[in-house]
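Asker: Fold the following for me, if possible:
(2 chains)
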Amino acid sequence: MDVTTYTQSNCKNAFVDSSIPDVCLKEPCVVGVDEAGRGPVLGPMVYGICFCPVTRHEDLKKAGVADSKTLKKEAREEIFDIIDSKNDFIGWALEIISPVFITTNSFARPKVSLNEVSHNSAIGLIKRAIAAGVQVSEVYVDTVGRPEKYQAKLEQVFPTLKVTVAIKADSKFPCVSGASICAKVARDKALAEWEFPEGTEILTDWGSGYPNDDKAKNFLQNSLDPIFGFPDIVRFSWDTAVKLIEKKCVTMSWNENDEEQENKTPSILEYYAKSVKRKSSDNDPPPPAVLKKHFFFSERSLSNSTDF
Amino acid sequence: MPVQIEVSKAQKKQDNHVHYIPCGIDFSGQADVDRNFSASVTEEEKGLDGRLRGRPLKGKQMKAPDGYTGLVLKEAQRSVGQGDQQVMKGVALFDSFTFWNYDRQPSRSDKFQQSLDWLEVASVVSGSATLQCNHKASVIAHDPSLHSKTLHHSQGHCITGESYLDGPGPRLWRGKQPEESMSL
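Answerer: Down below sits the predicted model:
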């Protein structure tokens, strides 16, 4: 699998596609959707679809396409080679979603959750296949979030397709297993070929990349810069990453908290007229008038200053 | 207490670039801005895209207002006999800088851009004026000629938004800078 379209610019998302088998342009097809690398604190998340004619769905299984979770890296690559060799009736397409994309989306205003990123990618890939001429008729999807909700969302986007969203779909439907294998192989490859624009002196042994992996923890510790945080390969929004930055980096205070305060709805009590408490003596001099600054200044956050 | 500002030694340096960042950075000193920040900046259709600690930033190149020059200041060490007199030394001049917002295209609705209105108003109002705005922001500046980059913290103030009317001489568009030492 060639993932250079992604690795040459690894902060941007990229598509990697197989060629489309002629038979998929003519016959109704099943499409399986799955993802790889959702949980790890570093590297891209890869979304994949794998498709073949409905009539040949079982042939996928016979060819040896199975649940990828039970497979080792080498075994996955072997099965990918099988998929690749059967390009006369099996096609696939992948979207490699960069860690930068994941990070900036989760820090965006408003925040875009990983579930939403996942849903959008899955929908985008199915649309991509349809646009390329694949006669999509059935879609099988490994769920992200609650299956009923996701199913309803997909049915709304694709009213003419038969959509099945299921838990552990990659062990139930061969086309989903195929998608899962393609996605995992692409993620492994993207990580193996990762180039650090930040510099090459970074230790590159991160094990599985999952936050509980000692090697991954080690990598995070070693690649941390006190000002800028992690290199782009790391998903800054992951809890592990956030905590490390809090503990070891220079404090950065973002204006986001201020804006939340500004937008706070005032208490309803503030709309009532204030009750005037009469003091015992009416002869007290009135309190000195406080000069209020013109709104020209307050609107621009300007105030007087005499020193630095 | 009046603040004395010395600008005679401030120089304009090629490739000297200042970034206005929408956060406070609790640090003053050297940092590799080029490699860790500038390198990731891309030019998109609507403007500049950048990121800092994973936060999406949208930026725009801005010029110092007409008749003004951006100035990076450093607090000079006080000598004996100077008393409480605070002396700020200009260490660099700049005409343009990059303004960054948190995930929002810079526009006229930014308080920062609006605060620059004061410069025009101040030129009409008689007498000298000093203003400071409350933005929380930091400045990242670098100077490749020193083979090092400098990160400046403005301690809860913005680099600009203060006007300093300097009598008949040149008007300074003053940059708010940290109390700690810095190099540029």
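Asker: looking at chain A, which helix or strand does the model trust least?
Answerer: Using mean pLDDT, DSSP states H and E, helix A:256-262 stands out as the lowest-scoring helix or strand of chain A, at a mean of 50.
Asker: ok now the very next helix or strand once past that helix, how far from the chain's centre?
Answerer: Counting by DSSP states H and E, the next helix or strand C-terminal to helix A:256-262 is helix A:295-299. What separates the centre of helix A:295-299 from the centre of its chain is 41 Å, taken as Cα atoms, centre = their mean, to the nearest Å.
Asker: Could you list the buried residues of helix A:295-299?
Answerer: Within helix A:295-299, the residues scored as buried using 16 or more other Cβ atoms under 10 Å in any protein chain shown are residue A:297. C-beta coordinates here come from the backbone N, C-alpha and C atoms, glycine included.
Asker: In CSV, could you pull the C-alpha coordinates for that helix?
Answerer: Taking C-alpha atoms only, helix A:295-299 is exported to CSV below (Å, rounded to 0.1, in the frame of the first residue of the first chain):
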residue,chain,number,x,y,z
PHE,A,295,-18.0,53.3,26.0
PHE,A,296,-15.6,54.1,23.3
PHE,A,297,-12.9,52.9,25.7
SER,A,298,-14.7,50.0,27.4
GLU,A,299,-15.8,48.5,24.1
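Asker: average pLDDT for it?
Answerer: Per-residue pLDDT over helix A:295-299 has a mean of 76.
Asker: Point out the other helices and strands that that helix packs with.
Answerer: Under the contact criterion of 3 or more Cβ pairs under 8 Å, 6 or more residues apart in numbering or on different chains; DSSP states H and E, helix A:295-299 touches helix B:117-124.
Asker: The helix it packs on - contacts with which helices or strands?
Answerer: Where contact means 3+ Cβ pairs under 8 Å, 6+ apart, helix B:117-124 is packed against helix A:295-299, strand B:162-164.
Asker: Confidence-wise, which helix or strand of chain B is lowest on average?
Answerer: Among the helices and strands of chain B, strand B:148-153 carries the lowest confidence by mean pLDDT, DSSP H and E, at a mean of 28.
Asker: So which residues of chain A form helices?
Answerer: Secondary structure of chain A by DSSP state H: the helices cover A:4-7, A:22-26, A:57-62, A:73-85, A:99-106, A:114-131, A:147-157, A:174-192, A:214-223, A:239-248, A:256-262, A:295-299.
Asker: Which among the ones you listed is found nearest to residue B:49?
Answerer: Nearest to residue B:49 among these is helix A:99-106; the distance by Cβ to Cβ comes to 8.9 Å.
Asker: does any bit of the helix or strand in which residue B:72 is found sit next to chain A?
Answerer: Assigned by DSSP H and E, residue B:72 falls within strand B:70-75. Yes - for strand B:70-75, a contact with chain A is found by Cβ under 8 Å from any Cβ of the partner chain, at B:73, B:75.
Asker: So which bits of that strand are buried?
Answerer: Buried residues in strand B:70-75 (16+ other Cβ under 10 Å): B:70, B:71, B:72, B:73, B:74, B:75.
Asker: could you dump the helix or strand following that strand to PDB, C-alpha only?
Answerer: Where DSSP H and E defines the elements, the next helix or strand beyond strand B:70-75 is strand B:86-94. Extracted in PDB, the C-alpha atoms of strand B:86-94 (Å, rounded to 0.1, in the frame of the first residue of the first chain):
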ATOM      1  CA  GLN B  86      11.500  53.200  35.000                       C
ATOM      2  CA  VAL B  87      13.500  53.000  31.800                       C
ATOM      3  CA  MET B  88      12.300  51.000  28.800                       C
ATOM      4  CA  LYS B  89      14.700  50.400  26.000                       C
ATOM      5  CA  GLY B  90      13.600  49.800  22.500                       C
ATOM      6  CA  VAL B  91      15.300  46.800  21.100                       C
ATOM      7  CA  ALA B  92      13.600  46.300  17.800                       C
ATOM      8  CA  LEU B  93      11.300  48.000  15.400                       C
ATOM      9  CA  PHE B  94       8.700  46.500  13.200                       C
END
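Asker: and strand B:86-94, anywhere near chain A?
Answerer: Yes - residues of strand B:86-94 contacting chain A under Cβ under 8 Å from any Cβ: B:86, B:88.
Asker: Parallel or antiparallel, which strands does whatever helix or strand comes next after that strand pair with?
Answerer: Proceeding N to C from strand B:86-94, the next assigned helix or strand is strand B:96-102, under DSSP H and E. Strand pairing for strand B:96-102, determined by DSSP bridges: strand B:17-21 (parallel), strand B:55-63 (antiparallel).
Asker: Contacts for strand B:96-102, please.
Answerer: A:109, A:254-256, B:17-23, B:48, B:50, B:55-64, B:70, B:106, B:110, B:112-113, B:159 (Cβ atoms under 8 Å, 6 or more residues apart in numbering or on different chains).
Asker: do stretch B:36-54 as well
Answerer: So stretch B:36-54 is contacted by A:11, A:100, A:103-104, A:107, A:197-198, A:225, A:227-230, A:232, A:235-237, A:245, A:249, A:252, B:17, B:19, B:21, B:23, B:56-61, B:98, B:100, B:105-106, B:140, B:142 (Cβ under 8 Å, 6+ apart).
Asker: what's the answer for stretch A:115-128, then?
Answerer: For stretch A:115-128, contacts defined as Cβ under 8 Å, 6+ apart pick out A:15, A:17, A:31, A:33, A:35, A:38, A:45, A:47-49, A:93-95, A:97, A:101-102, A:105, A:136, A:139, A:141, A:144-145, A:150, A:153-154, A:157-158, A:161.
Asker: what does the stretch 51-200 of chain A put close to chain B?
Answerer: So far as Cβ under 8 Å from any Cβ goes, the stretch 51-200 of chain A lies against chain B at A:100, A:103, A:104, A:107, A:108, A:109, A:197, A:198, A:199.
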